[in-house]
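Chemist: Quick one, fold the following:
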Amino acid sequence: MFLSNLPKLSKTPKKRLGRGFGSGVGGHTVGRGQKGQKTRGKMPLWFEGGQLPLIRRTPFIKGKHRFQVIKLQPITVNFDRLDKFDANSVIDPLFLATALKVSEKEAKRGFKIIATGKLTKALQIAVPASAGAIKAIETAGGKYLPTK
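Modeler: Got it, this is the predicted structure:
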């Protein structure tokens, strides 16, 4: 054990700027430099020296609820993915989430079936679908169960 290895027990206090000459950093400029905008007072973090700020340069998202999160689009499922399932199986959002290995967070977005590819099996579908997809499901011998 040596004196050089002992832990430091005292902590130097924070310098208090601009509290008179006795503070060590008092008096005229108090650590802010000579002249200029930043010596005179506080400035907001986003201040850009008087040029048009970024928040005003970007185009507006118009509407009453412009500051709310933009609604996420549903996950699209095409017929090529549906054709891998067994015939006459009921396809609902829970079934799709497990079959397509979608995380819970992504599954909250919902699913929508679109008419891309060919559907050869008769399936019972309880997931929102496009108009073309509904027609193709019924022509393949399947059943579309309307959802909200």
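Chemist: Now do the helices in this structure.
Modeler: 37-40, 54-57, 79-82, 93-99, 104-107, 131-139 (DSSP state H).
Chemist: I'd like the ones you listed written out as JSON lines, with distance to L145, mean neighbour count and mean pLDDT added.
Modeler: Every C-beta, even on glycine, is put in place using the N, C-alpha and C of the backbone. Below are those laid out as JSON lines (distance: least, CB to CB, whole Å; neighbours: other CB atoms under 10 Å; pLDDT from 0 to 100):
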{"stretch": "helix 37-40", "distance to L145": "66", "mean neighbour count": "10", "mean pLDDT": "83"}
{"stretch": "helix 54-57", "distance to L145": "47", "mean neighbour count": "8", "mean pLDDT": "80"}
{"stretch": "helix 79-82", "distance to L145": "14", "mean neighbour count": "18", "mean pLDDT": "90"}
{"stretch": "helix 93-99", "distance to L145": "12", "mean neighbour count": "15", "mean pLDDT": "92"}
{"stretch": "helix 104-107", "distance to L145": "19", "mean neighbour count": "11", "mean pLDDT": "88"}
{"stretch": "helix 131-139", "distance to L145": "10", "mean neighbour count": "15", "mean pLDDT": "93"}
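Chemist: any chance of the ones you listed in TSV, with distance to E48 too?
Modeler: Below are the helices of the chain laid out as TSV (distance: least, CB to CB, whole Å):
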stretch	distance to E48
helix 37-40	12
helix 54-57	7
helix 79-82	49
helix 93-99	46
helix 104-107	36
helix 131-139	50
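Chemist: G117: which of these is closest?
Modeler: In terms of CB to CB, the element of those nearest to G117 is helix 79-82, at 3.9 Å.
Chemist: low pLDDT regions in the protein?
Modeler: Along the chain, the model assigns pLDDT under 70 to residues 60-69, 148.
Chemist: How about the contacts made by I125?
Modeler: L82, V90, I91, I113, I137, G142, K143, Y144, L145 (CB atoms under 8 Å, 6 or more residues apart in numbering).
Chemist: which of these tops the neighbour count?
Modeler: Using other CB atoms under 10 Å as the neighbour test, the contacts of I125 are led by I113, with 27 neighbours.
Chemist: Now that residue: closest residue in space that isn't a chain neighbour?
Modeler: A129 (3.9 Å; CB to CB, 6 or more residues apart in numbering).
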